[in-house]
Structure formats: structure tokens, C-alpha cells
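Colleague: Below: sequence and its predicted model.
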Amino acid sequence: MVAAGQTDAGKDSAHYAGTIRYHYSYSGTGNINNTNTVHSYLLSNAVSFSAVKKRDALNFSSSWVYGSQQGNLTNNDFTSTADFNWYKTLRHGYYWGLLTYNTSLSLKVNNLVQGGLGFGYNLIDKKHAALIVSDGILYEKGDLQDILYGTPQGNVPQRDRYQVFRNSFRIKYHFVIHDRITLDGIEMIQHSLATIHNYILNLSASGSVKLSKWLSVTTAFSFNKFTRTRSENTLLTFGITITR
């Protein structure tokens, strides 16, 4: 899927001054539907890692969605993101940097690379509640399937290769209820600086109920739209998360 923006593992780094705090997680979900008339499956995997020391945070995450229906591939979507957060001048503000790579069959993206810098601010910054807004400028280099010109020769898609600068605005929230129920969400829109009609929209939300210290039942929703390829996808998953 198209990259959703920056992560913020460093918002509570002040509590661990002088030490490095590591966090990593993996989540995997899937479904198979096999009847007399329908044959489909969808697999979703995600890994993340973060290292926080005092006022600095380094984050890395990757996700892969793979699916097929009636023998036709519907999803082969991979995203990998590395970013850092630097808390320095303002108590609740931070600077961020981002580098991400994306390829997506469902969004008709052959290759997409983004990199940029920006500023974020924690409107709510508590142990069990956080609300964060951020904004910045990204440089984007893309190689897309050009659906405007179709596949005129041998069913080989035409290529849309381009470079563009985008404004990246994001809202992120995190709430924990009674130390057992967790709600998270990231809502992001990236407009081209050249035209408002060229944008990337990503909406995502997730929830989990903790069964033990390391095991949770989870559900997640995501919606992606890429106007340049006139494509969008929606994904709703259920599964488990193992965290240590």
C-alpha cells in the first residue's frame, strides 16, 4: 500500500532518558474462501521495530498483502518505511525525516519512493492517550501503470514515470482503555504541490484486546486511494498480535 507517513515511537522517550528502549512486533492475518464457485485467499503480514533514546527515535516497518481470487492475483502490495523523530526545541514538538518504498498491484504502482522532512506536534501527550498532527514536504519518484493509455500492444501496460513534490499532512491517535483495549489510527493525505487533484489518501484504524502480556486479538481497517492511477483498495482484517 502507499506509504502512510511517519511513525512516532519517540513521544514518550523522555521517560527513558539515558537508556535505549527497543520495541518490535509482528502481526499476521489471513483468510481462505473455497466453495464450488469461489476460490479466494488474502494474507497480510506486518513487522515493526523501534529504538528510542532520550530525545531521538528510529523506526522501521514493513507490510505485505498478498491475495488471489479465481486464480487471478488481486494483491501483491509491499511497503517498507524508515523514519526518525528528533525532540529538541519544543516540549511537545518534534522534527521528522522519512524514507519509504512501495510497490502495489492493487494500486497499479510498479515502484514508488518517497523521502522528506517535516514537523509534528503532540496535541495530547499522555500515557494512555495521544493525539499528534504533523506536516512536511516529500519528494516522490514513481513508476506506475498508466491506465490512461491502456495496454495497446501485447497486453503490456504503459509506464508513467514521474517526479513530484507533495505536502504530507497526517493525524495520528492512540488510546488505551483499562490497560486492555487499544485503539490506534493514522489518517494521511499527500497533495501534489503542482495540482490539488493529484493526491494520495490513506486512512487506517486498528483495535486490540489484550488476552495476556504478549498476546492480543486484533482487528484493522485500511483504505488507500491514488488519484494518479485512479485506483483504490479497502482491507479489513482480524487476527492476533505477538509483542515483546
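Modeller: Yep, it's here. Residues are numbered from 1 along each chain as shown.
Colleague: Checking the residue with the largest distance to the centre of the chain next. Helix, strand or coil?
Modeller: Seen from the C-alpha centroid of the chain, the residue lying at the greatest distance (CA atoms, centre = their mean) is residue 36, 35.7 Å away. Look at residue 36: counting by DSSP: H, G, I helix; E, B strand; the rest coil, its state is coil.
Colleague: Look up phi and psi at it.
Modeller: Note on residue 36: backbone dihedrals following degrees, to the nearest 10 are phi -60, psi -30.
Colleague: and if you look at residue 213?
Modeller: Recorded main-chain torsions at residue 213 are phi -60, psi -30, according to degrees, to the nearest 10.
Colleague: ok so, going back, and the residue farthest from the centre of the chain, how far is that from residue 143?
Modeller: Relative to residue 143, residue 36 is positioned 40 Å away (CB to CB, to the nearest Å). To be clear about C-beta, it is placed using only N, CA and C from the backbone, and glycine gets the same treatment.
Colleague: cool, residue 47 as well?
Modeller: Remark: distance between residue 47 and residue 143 (CB to CB) = 25 Å.
Colleague: ok, residue 180 touching residue 213?
Modeller: No - counting by CB atoms under 8 Å, residue 180 stays clear of residue 213, with 11.2 Å between them.
Colleague: May I have the beta-bridge partners of residue 102?
Modeller: When bridges are called by DSSP bridges, residue 102 pairs up with residue 79, residue 112.
Colleague: and it, how far is that from residue 217?
Modeller: From residue 102 to residue 217 the distance is 28 Å (CB to CB).
Colleague: neighbour-wise, which of these two wins?
Modeller: Neighbours around residue 102 and residue 217, counted as other CB atoms under 10 Å, are more numerous at residue 102. The numbers are 25 against 13.
Colleague: isn't that one right up against residue 109?
Modeller: Yes - taking contacts as CB under 8 Å, residue 102 lies within contact range of residue 109: 6.0 Å.
Colleague: Would you map the strands across the chain?
Modeller: Counting by DSSP state E, the segments of the chain that form strands are 20-34, 39-53, 56-69, 72-86, 93-104, 109-125, 129-145, 159-177, 181-192, 199-210, 215-226, 231-243.
Colleague: Much appreciated, bye for now.
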